[in-house]
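Peer 1: Can you look at this prediction? I've put the sequence above it.
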Amino acid sequence: MSNALYYGDNLSVLRESIATESVDLIYLDPPFNSNANYNVLFKSPAGAGSQAQIEAFEDTWHWGHESEDAFDQVMRSGNTNAADMLRAVRTFLGDNDMMAYLAMMAVRLIELHRVLKPKGSLYLHCDPTASHYLKILMDAVFGAERFINEIVWKRYGAHNDIGQGSKHYGRVQDIILFYSKAKDRTWNQIYTPQTKEYIEERFTYVDANGRRYTDTPLTGPGGPEKGNPVYDWNGHTRAWRVSKKTMQKMHDTNELHYTKTGYVRGKLYLDEAKGIPLQSLWTDIASLAGRMPERLNYPTQKPVSLLERIVTVSSNPGDVVLDPFCGCGTAIHAAQLLGRVWVGIDITHLAISLIERRLKDSFPGISFQVHGTPKDLEGARDLALRDKYQFQWWAISLVEAQPFAGKKKGADGGIDGLIYFRSDAKTTERAVVSVKGGDNVGVPMIRDLKGVLDREKAPIGVFMTLASPTKPMIAEAASAGFYELGGRKYPRLQIITIEDALKGAKPAIPLIDTGAAFKRAPQKNPEHPKLDL
């Protein structure tokens, strides 16, 4: 398997392109908006206010034909535990958005379990809004005995929203559910630094040589049933984790600590301690905030350090890491940084194009394949016919614009994308991008865009078209005149065909980054990959 990005529904990609037991580690952060009113998720399809909570998935996370089909697929999957659980939850919840979410997740989790290697692990990133339902679902798919940890990531220091009348404790954490496919899983123990308070609390003894230590248990976990030897030592008979011969050697070399009753424990010296074994409460990784260089202005972006931790613990160099909801590609970035093979899947062209740019910016010369995105004019036409919004978002990515109004579907006032630039040190301007995917283009569309420029007081407009522009269209665009900045003239209304954009054509716009669009990722130092250049 080689590094690859897939545009498309991850269920189809998993079934068609990912082989059984071919993946070592799966991380998924499925879209789910916990900031929305919790009660919205429990309204029936006819309930008022049950609007799309994840715009790219607005046809996916509502109860309807797709979720009913997903439910039926689980019933026919052969996983009777998952089928029984989902049927019971539907009886309790009814047909609402939460049930649609669980049905769509269930059929995908069954496929993710299939592609995972026997020693593989899965980390499901969610929040308290649905984590309890997802844990039951994971128990059904993987088996309750394969649950390893519920990791709590404290992503915020505090939420002080009492000014808006909140009557709840500050919601500052995410949940990460950790499951393995089998008991013998890949595991690389890591440690966090010891704090002064931890040292003073734990390392309370000092030996004759002045070395500080703490006492550790020597009893065998699981008792004699696990094969631990049982014998008497200093008047205490226990199942020990070492043989009597080894115990005697430790006694002779002063490696044993004796309590007042003569009970024996081991010694762990401070100068030999690796640190604190990583626990299930993660408070040392902050969320991305402010103007941190890592931020790409993607709303659900997670810090690379969070994914580095997961990838380091549960995979080895050369292993395959899969993220089926890869968003802006943080898991992919961490996998590349740590020498893993990776596969990312996302249903939006916006995400795939952002990840492409992020990887190329951060890892110059990187090689990977992209499946499902248009590579030529024929592919672009096919996408325009299948989904005009995905076509628009893909098209504007070719000119490095950002979607207008956060890629909301519906009336756009003639604006599909925006490119921000500065006209001076304090003034931010924006170029307006309009995309047309049909064959019937003409002068009225150019005039409409001129009207948008006047209405929005925008200095530049870019008309992107799948069809070739006519001579009258080109003449009409030229009549819009020029925008002057820094002694240079820029055509005020520019026409770029999709064919030319695929070849690398870009609009003539002052390329001064304002940070308003998706930002470029920092390049990595090849000699010290964790240091930005």
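Peer 2: Cool, the structure landed. Given the structure is predicted, the values throughout are model-derived calculations rather than measurements.
Peer 1: where in the stretch 101-250 of the chain is pLDDT low?
Peer 2: Scanning the stretch 101-250 of the chain for pLDDT under 70 picks out the ranges 157, 159-164.
Peer 1: count of residues packed around V152?
Peer 2: Look at V152: counted by other Cβ atoms under 10 Å, it has 18 neighbours. Glycine gets a C-beta too; all of them are placed from N, C-alpha and C.
Peer 1: My error: substitute L281 in the last question.
Peer 2: Neighbours around L281, by other Cβ under 10 Å: 11.
Peer 1: check contacts around it.
Peer 2: Residues in contact with L281 (Cβ atoms under 8 Å, 6 or more residues apart in numbering) are 151-152, 154.
Peer 1: what does F325 give?
Peer 2: So F325 contacts 10, 28-31, 345-346 (Cβ under 8 Å, 6+ apart).
Peer 1: That one in helix, strand or coil?
Peer 2: Here F325 is recorded as coil under DSSP: H, G, I helix; E, B strand; the rest coil.
Peer 1: How much space separates it from A351?
Peer 2: Going from F325 to A351 by Cβ to Cβ, to the nearest Å gives 9 Å.
Peer 1: Do a quick rundown of the strands in the stretch 1-150 of the chain.
Peer 2: 4-7, 23-28, 116-126, 147-154 (DSSP state E, counting those that start in this stretch).
Peer 1: So which of the ones you listed is the most surrounded?
Peer 2: strand 23-28 (a mean of 26; mean count of other Cβ atoms under 10 Å).
Peer 1: Show me what that one is in contact with.
Peer 2: Counting by Cβ under 8 Å, 6+ apart, 112, 115-117, 119-125, 186, 307, 310-311, 314-316, 319-325, 331, 340, 343 sit against strand 23-28.
Peer 1: rerun that using 7 Å as the cut-off
Peer 2: With contacts defined as Cβ atoms under 7 Å, 6 or more residues apart in numbering, strand 23-28 is touched by 112, 115-117, 120-125, 186, 307, 310-311, 314-315, 319-325, 331.
Peer 1: end to end, how far does stretch 199-208 reach?
Peer 2: Using Cα to Cα, to the nearest Å, the end-to-end distance of stretch 199-208 comes to 19 Å.
Peer 1: Give the buried residues for it.
Peer 2: 202-203 (16 or more other Cβ atoms under 10 Å).
Peer 1: next one: stretch 385-393
Peer 2: Buried, per 16+ other Cβ under 10 Å, within stretch 385-393: 389-393.
Peer 1: which of those residues has the weakest pLDDT?
Peer 2: On pLDDT alone, Q390 ranks lowest of those, at 81.
Peer 1: Tell me if I'm right that that residue and H349 touch.
Peer 2: Yes. Using Cβ atoms under 7 Å, Q390 is in contact with H349, at 5.4 Å.
Peer 1: which residue ranges form the strands in the stretch 201-350 of the chain?
Peer 2: Using DSSP E, counting those that start in this stretch, the strands of the stretch 201-350 of the chain run over 205-206, 212-216, 230-233, 236-239, 256-258, 264-269, 276-277, 281-282, 320-323, 341-346.
Peer 1: any chance of these in CSV, plus distance to A100?
Peer 2: Shown next, in CSV, are the strands of the stretch 201-350 of the chain (distance: least, Cβ to Cβ, whole Å):
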stretch, distance to A100
strand 205-206, 58
strand 212-216, 50
strand 230-233, 55
strand 236-239, 51
strand 256-258, 58
strand 264-269, 51
strand 276-277, 40
strand 281-282, 30
strand 320-323, 22
strand 341-346, 20
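Peer 1: Just list the residues touching the residue nearest to T283 when sequence neighbours are not counted, thanks.
Peer 2: Of all residues not flanking T283 in the chain, K154 sits nearest, at 4.5 Å (Cβ to Cβ, 6 or more residues apart in numbering). By Cβ under 7 Å, 6+ apart, the contact list for K154 reads 172-173, 282-283.
Peer 1: Whichever of these end up buried, select them in ChimeraX.
Peer 2: The buried residues among the contacts of K154 can be selected in ChimeraX (16+ other Cβ under 10 Å) with this line:
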select :173,282
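Peer 1: Relative to S22, which of the contacts of K154 is nearest.
Peer 2: S22 has its nearest neighbour among those in W282, at 28.9 Å by Cβ to Cβ.
Peer 1: where's the spatially closest residue to that closest one that is not a sequence neighbour relative to D29, distance?
Peer 2: Nearest residue to W282, sequence neighbours excluded (Cβ to Cβ, 6+ apart): W153, at 4.7 Å. Relative to D29, W153 is positioned 11 Å away (Cβ to Cβ).
Peer 1: do A286 as well
Peer 2: 17 Å.
Peer 1: can you list the domains in this structure?
Peer 2: 4-33+115-190+280-371, 192-276, 377-502 (automatic domain parsing).
Peer 1: Save these as a markdown table, and put in distance to F71 too.
Peer 2: Shown next, in a markdown table, are the domains of the chain (distance: least, Cβ to Cβ, whole Å):
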| stretch | distance to F71 |
| --- | --- |
| domain 4-33+115-190+280-371 | 12 |
| domain 192-276 | 41 |
| domain 377-502 | 24 |
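Peer 1: Which strands or helices does the lengthiest helix in the chain pack on?
Peer 2: Identified as the longest helix of the chain according to DSSP state H is helix 97-115. Counting contacts by 3 or more Cβ pairs under 7 Å, 6 or more residues apart in numbering; DSSP states H and E, helix 97-115 packs against helix 10-17, helix 65-75, helix 80-93, helix 131-142.
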